[in-house]
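# Provide a 3D model corresponding to the input given below.
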Amino acid sequence: MEWQPEPESLRQLIQLFNSTQSVDNAVQQQNNQRLEELRRVPDFINYLLFVLIVMKDENSTVRAVAGLLLKNNVRQDFASIPPHVLEYVKRKSIDAIGDPDTLVRHTLGTVIATIVALGKIRSWPEILPRLMQLLDSPDYPVVEGSWDILRKICDECTRELEDPLDDGTLPLNVMLPRFLSFFSSDSPTLREYAISTTTLFVRESSECMKPMMDTFVVELFKRANDDNSEVLKAVCKAVVALIETRPDMLMPELENVVNYMIHTSQNSDPDIAMEACEFWLSFCEQEEMVESLKPFLSQVIPTLMRGMVYSEEDLMVLDNNDDDAVVPDSEQDIKPRHHRARTHEHHGAAAGGSSNSDGGSIHEDEDDDDDDDEYDSDDDDVYSEWNLRKCSAASLDVISTAFGDHILEFVLPVLKEELASDDWRIKEAGILALGAIAEGCMTGMQPHLPSLLPYLIQWFKHEKALVRSIACWSASRYGKWAIYESGPNMLAVYFEPLLAGLLETMMDKNKRVQEAACSAFATLEEEAGPYMVPYIQPVLETLMRAFSLYQRKNLIILYDAVGTLAEAVGSELNRPHFIQMLMPEVIDRWEDLPTDDHHMFPLSECLSAIALALGTSFAPYAQTAYERCVQIVGETLQICQLSHNDAGVEMPDMDLVIVALDFISAIVQALGDNSQPLIANHNGVVLQLIGLCMVFESVPEVRQSAFALLGDLAMHCFPLLLPQLEGIMQQLIPQIDRNFMHINVCNNATWSVGEIALQAGQESMKTYINPLLERLVPMLNNPNTPLTLAENAAITIGRLGVVCPAMVAPNLEVFAERWCMVLSSVKDNDEKSSAFQGMMTMIGTNPQGISKAFLYFCQAALNWQTPDTYLMNMFVQTFAGLKQLAGDEWEASMSMLDPQVRQLIKDRFNA
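I've put the predicted structure just below:
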């Protein structure tokens, strides 16, 4: 007998759904609790489906609520849904595809697509043939409903649709020709569905799509002048997909395509214009094609510059010139922020990073960079979506990078006109353009900057807040010129007015302007580095005033500016009067901050940078900071364990663990060997927590930070690690993954092994040498290994050679050539020095092992600029020992060496 709902239960459920639209929080909480209870009722899914597809007299919103709950329940409980219930849902869903109500129809489509995605197409083999059959229905809601489901399935199962079914059929071979036929449908909705869905497979470079590409392009261009805006947007997205994946399909008609995209980039509908504008961004990413854009730059660039003017729609949201600095921010105005775990590298300090005490660097993961973010900084977060203005600015930026000063002949006339305009919107767009070309056209702009930069600084005081904010951003893009290119004697002429102007504008009474000025200042101080030292006093005075003025959102940027100052000036910040100005404000805020506050991450990062700058002067604040960090790690891990055992306990934000571990690392680096009592006084609890974090599988960044801290503890607190060395190495060695699934975890684990080895010595390390080499050597020799990881592997192998040369040296012939090549380009520092000591000790043990890599070793020695006396003596002895071995190559190799090293060898051995 067919399932039927119990009437009273159905009535109560409808009543519950109606109450979900209440704005009363208490009612909402009761509803959520009741719905969670109902999830456990075996046939609850049947009730939800019944409301969605059978109760056509019910309000469509209520039916849609039932459908969304059905989708969520299917997604959460798919594995535990009884087979007969799932079959019932499938059978009934197909019968309701053509519901007259669009909202209900599309909600049902989401349910069906979710079932297909979770169960895979093979588990519902009749769904695709049925949907394709329904595309021929004379009933439009049935056709539209089927199309809606098909496009959702294609989006969820793009790759799976290329896999053969049990009868050998490739679904896409049947579906794609049918999709292409709908490009000319009488319904604009179906035309848009067909173009967008087929474009998915173009973008994915589908094998099934390749034979149909010619037809796709022909049918697509038939729709180039479609009278429907959604179809036109779909056409633009399809052209962008072609330029990214099959530019060869556009080359025969490139001139027509480019002219069409220029025309469409000026469409009166800003959404259509924005989709067309994406074409220029993608075009410039195609290295083999980018030169073919050159003949069109005279048209493209003015088009982009016009697209950078604020639209009326923009200004309805953004044109706020109120003095709103005293207005508190709402929490929804603040973007969620995530902490980036430390990664050990060897290139010197990078953007956003802090110098490591051993001469390497710790900085953010480069993979997380988003170049488009810089075009978001000038707009308020309420209007932070990608739009025509930002897309145009980003396009001008990439074009300037691709073509350099060549574009200035097209930019400057428009720029001159815009900057002189009485219309503030046009002037503002000119200032944005000036900033957008800064990186690509810096050389060509230099003659103009002595007059332009003062104008930019003058516009910091413009009556319009949007002009003031964009002027700050644009000026910061030329900060490097103001510091370096204008000459060291010109700092007072260009750099100081820029710095003073930004500091003054940071105190603006408009929050958007504060944000732009503070961000620009952080960029400037990062560029300036040690040039900031003479200005620490006025900078700190401004920053401290800003703490009392800024609301919550801008405080996050202020923390970054303070941390960047500490990184820029380093130990110069370590002056009693500077510490007294800075630390009470910052440390008090951190100590009073609830753990779950959004400010915990940026403020902890700020304090980490300050600790590294202050060194041992951070000691008065170290114990309180350390104890709280340990508490945060311990409590978060405990809650995490509870959440694994109890679904009712919410998983904590593991970024808390990462930021706390990184702060402890900064404290250890700051205090150096003086950190030992701090760690020891708490019974080594942090070592136990690190042990848990080193094997924390679900969040790799936790392991990444744990290994970074482990390496710092090895350097400064090794006696505390020694009793636990065996357990540490058992956890550590497997994380040196030759397939580098998690590059930064592997990177930090590799680095920490080298630090441990130097401290542990031969007796403690000999057990682990061979297991380590089995992982490190293949990783070093793999040409696909990321450079930073290869550098860390080479340094660690060298350090193992310092400790156990007799065990590592027999492998010299296997890794020596690659080792020398990788370390040749690494900046000279203590890590490189210890690695070379290990290499030369190994050569002394096994001179034959270097014979095939002798020239590479000479080249590596040539690139060594400042070896200390001990290292130079080692070079001398090593080369002298190799003289007989190398034979005819000796003189050639000697001529390659640094003169200082070569002379020392000749003097010592009369070589």
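# quick one: secondary structure of I97?
At I97 the chain is in coil, as set by DSSP: H, G, I helix; E, B strand; the rest coil.
# my read: it touches G145, true?
Yes - using C-beta atoms under 8 Å, I97 is in contact with G145, at 4.3 Å. For glycine as for every other residue, the C-beta is placed from the backbone atoms N, C-alpha and C.
# any residues in contact with both of the two?
Counting by C-beta atoms under 8 Å, 6 or more residues apart in numbering, the shared contacts of I97 and G145 are R105, L108, G109, L134.
# Flag every buried residue along the one helix or strand the third one maps to.
Pointing back at G109 there. In this structure, G109 sits in helix 102-119 according to DSSP states H and E. Buried residues in helix 102-119, counting neighbours by 16 or more other C-beta atoms under 10 Å, are found at 104-117, 119.
# What confidence value was assigned to V202?
Note on V202: pLDDT of 96.
# so how many other residues sit close to it?
23 (other C-beta atoms under 10 Å).
# Which residue is the nearest non-sequential neighbour of it?
Nearest residue to V202 in three dimensions, chain neighbours excluded: A241, at 4.7 Å (C-beta to C-beta, 6 or more residues apart in numbering).
# between the shared contacts of I97 and G145, which is closest to I470?
Checking these against I470 by C-beta to C-beta gives G109 as the nearest, at 42.9 Å.
# doesn't L434 make contact with L452?
Yes - look at L452 against L434 with C-beta under 8 Å: they come within range, at 7.0 Å.
# which one of these two has more residues nearby?
Counted by other C-beta under 10 Å, L452 and L434 do not tie: L434 has more neighbours, with 26 against 18.
# Tell me the buried residues in the helix or strand containing the more buried one?
Using DSSP H and E, L434 falls within helix 424-436. Neighbour-count burial for helix 424-436 flags R425, I426, K427, E428, A429, G430, I431, L432, A433, L434, G435, A436 (criterion: 16+ other C-beta under 10 Å).
# Tell me the first helix or strand C-terminal of it.
That would be, after helix 424-436 and using DSSP H and E, helix 442-445.
# Give the rounded mean pLDDT of that next one.
The predicted model assigns helix 442-445 a mean pLDDT of 95.
# any idea how far I81 is from V51?
Taking C-beta to C-beta, to the nearest Å as the measure, I81 falls 18 Å from V51.
# Show the backbone phi and psi for Y478.
Taking degrees, to the nearest 10, you get phi -110, psi 10 for the backbone angles of Y478.
# My error: substitute S421 in the last question.
Per degrees, to the nearest 10, the backbone of S421 is at phi -70, psi 150.
# residues near the closest residue to S181 other than its chain neighbours, how many?
Among residues not flanking S181 along the chain, A194 sits closest, at 7.9 Å (C-beta to C-beta, 6+ apart). A count of nearby residues for A194, using other C-beta under 10 Å, gives 26.
# helix, strand or coil for A194?
With three-state DSSP as the basis, A194 sits in helix.
# just checking, it touches P177?
No - A194 lies out of contact with P177 (C-beta under 8 Å); the separation is 11.3 Å.
# tell me what the strand or helix carrying L603 is packed against?
Assigned by DSSP H and E, L603 belongs to helix 600-614. If contacts are counted by 3 or more C-beta pairs under 8 Å, 6 or more residues apart in numbering; DSSP states H and E, helix 600-614 sits against strand 354-355, helix 552-569, helix 576-592, helix 619-645, helix 655-671.
# how about 7 Å then?
Packing contacts for helix 600-614, counted by 3 or more C-beta pairs under 7 Å, 6 or more residues apart in numbering; DSSP states H and E, involve strand 354-355, helix 552-569, helix 576-592, helix 655-671.
# Just list what the longest one packs against, helices and strands only.
In other words, helix 552-569. Using 3+ C-beta pairs under 7 Å, 6+ apart, helix 552-569 sits against helix 511-528, helix 536-549, helix 600-614.
# Please enumerate residues in contact with the second one?
So that's helix 536-549. 325, 503, 506-507, 532, 558, 561-562, 565, 569, 572-573, 578, 581-582, 585 (C-beta atoms under 7 Å, 6 or more residues apart in numbering).
# Same question for stretch 586-599.
Here stretch 586-599 has contacts from 334, 337, 555-556, 562, 600, 603-604, 606-607, 610, 621, 624, 632, 656, using C-beta under 7 Å, 6+ apart.
# Just the closest of those residues to E515, please.
When the contacts of stretch 586-599 are ranked by distance to E515 (C-beta to C-beta), I556 comes first, at 9.4 Å.
# which one is the closest one nearest to, not counting chain neighbours?
Counting by C-beta to C-beta, 6+ apart, I556 lies nearest to P602, which is 4.8 Å off, once chain neighbours are set aside.
# Just to check, that neighbour is in contact with L558?
No - assessed by C-beta atoms under 7 Å, P602 is found out of contact with L558, at 8.8 Å.
# which of those two has more neighbours?
L558 (23 against 20).
# Tell me how this protein divides into domains.
What automatic domain parsing lists as the domains of the chain is 7-234, 250-335+384-440.
# Same list (those) but as CSV, adding distance to S752.
Listed next are the domains of the chain as CSV, based on distance: least, C-beta to C-beta, whole Å:
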stretch, distance to S752
domain 7-234, 38
domain 250-335+384-440, 33
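# one step back: for S60, state which of the contacts of helix 536-549 is nearest.
Nearest member of the contacts of helix 536-549 to S60, counting by C-beta to C-beta, is A325, at 45.3 Å.
# The residue nearest to that closest one when sequence neighbours are not counted: how many residues sit nearby?
Closest residue to A325 apart from its sequence neighbours, by C-beta to C-beta, 6+ apart: K509 at 4.6 Å. K509 has 14 neighbours, counted by other C-beta under 10 Å.
# now the strands for this structure?
Taking DSSP state E as the test, the strands found in the chain are 343-345, 354-355, 361-363.
# Please report how far the closest residue to V398 other than its chain neighbours lies from I407.
Closest residue to V398 apart from its sequence neighbours, by C-beta to C-beta, 6+ apart: C284 at 4.3 Å. Distance of C284 to I407, computed by C-beta to C-beta: 11 Å.
# cool, and E527?
24 Å.
# ditto for D322
To I407, D322 is 38 Å away according to C-beta to C-beta.
# and these two? which has more neighbours close in?
A count of neighbours by other C-beta under 10 Å puts I407 above the other of D322 and I407, at 22 against 10.
# The more buried one is in contact with I301, isn't it?
Yes - counting by C-beta under 7 Å, I407 sits close enough to I301 to count as a contact (6.0 Å).
# ok so, going back, any idea how far the helix holding L603 is from the chain center?
How far helix 600-614 lies from its chain's middle: 21 Å, per C-alpha atoms, centre = their mean, to the nearest Å.
# what's the answer for stretch 36-43, then?
The answer for stretch 36-43 is 40 Å, by C-alpha atoms, centre = their mean.
# quick one: buried residues of it?
Buried positions in stretch 36-43, judged by neighbour count with 16+ other C-beta under 10 Å: L38, D43.
# can you check stretch 742-758 too?
742-758.
# cool, stretch 305-319 as well?
By 16+ other C-beta under 10 Å, the buried positions in stretch 305-319 come out as M305, R306, G307, M308, V309, Y310, D314, L318.
# quick one: contacts of it?
By C-beta under 7 Å, 6+ apart, the list of residues contacting stretch 305-319 reads 265, 270, 273, 277, 379-380, 382-383, 388-389, 392-393, 396, 414, 425-426, 428-429, 432-433, 466.
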